[in-house]
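1. below: sequence and its predicted model.
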Amino acid sequence: MGAGPGQWPAGSWRGPAGQPHGRAPTPAHDDRWAGTQAGRQRPRPLFRFPFGDSTTHDLRLVNDLGYVAVGWTVDTLGWQGTSAGRSVSSVVGRVLTAAVPGEIVLMHVGSNPGDHSTLDADSLPRVISGLRAAGYSFVTLDALITG
């Protein structure tokens, strides 16, 4: 579960003196948890720090609220769009060049607000086939975290 468009100020999520903007995150309802049987351990919700910007204190706060913080190993930069010189090939290249076991790729849903390109979505078939051709497979974040 990460912050969606417009939920955080552009540039950084930190305000004056390094204090987070607004209130601390609180767990929200997520249908993945609905119907959990008594006695079964409930999975913890996932949290992505806006811009990957966090401190040890922030991480402790998020964990104390019941979240598991998840970072990424490569940002496709597809969100910058074609107007910033990005392309499907540049997105694919960033992911495949950075490929390592356990890689977490940051991709964005939707289109660039200025040029309306959808580079992350458009690159996905090539990213998947390229990673598979290199011997990688895919798992959910829950599976990656629980080992």
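-> Looks like it arrived, so ask away. Numbers count the residues shown, from 1 in each chain.

2. gap between Val74 and Pro113?
-> Separation of Val74 from Pro113 (Cβ to Cβ, to the nearest Å): 22 Å. For the C-beta atoms, the positions are set from N, CA and C on the backbone; glycine is no exception.

3. what sits up against the helix or strand of the chain with the lowest mean pLDDT?
-> When the helices and strands of the chain are compared on mean pLDDT, DSSP states H and E, helix 141-146 comes out lowest with a mean of 79. Contact with helix 141-146 is made by 43, 46, 68, 70, 102, 104, as judged by Cβ atoms under 8 Å, 6 or more residues apart in numbering.

4. now for the closest residue to Asn63 other than its chain neighbours: which residues touch it?
-> Nearest residue to Asn63, sequence neighbours excluded (Cβ to Cβ, 6 or more residues apart in numbering): Ala69, at 7.0 Å. Ala69 is in contact with 46-49, 54, 59, 62-63, counting by Cβ under 8 Å, 6+ apart.

5. switch to 10 Å and redo it
-> By Cβ atoms under 10 Å, 6 or more residues apart in numbering, the contact set of Ala69 is 46-49, 52, 54, 58-63.

6. ok, back up a step: can you show me the CA trace of the least confident helix or strand of the chain as PDB?
-> Output in PDB follows, covering the C-alpha atoms of helix 141-146 (Å, rounded to 0.1, in the frame of the first residue of the first chain):
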ATOM      1  CA  LEU A 141       5.800  -8.900  -2.200                       C
ATOM      2  CA  ASP A 142       4.200 -11.000   0.600                       C
ATOM      3  CA  ALA A 143       6.100 -14.000  -0.600                       C
ATOM      4  CA  LEU A 144       9.400 -12.000  -0.900                       C
ATOM      5  CA  ILE A 145       9.000 -10.600   2.700                       C
ATOM      6  CA  THR A 146       8.000 -13.900   4.300                       C
END
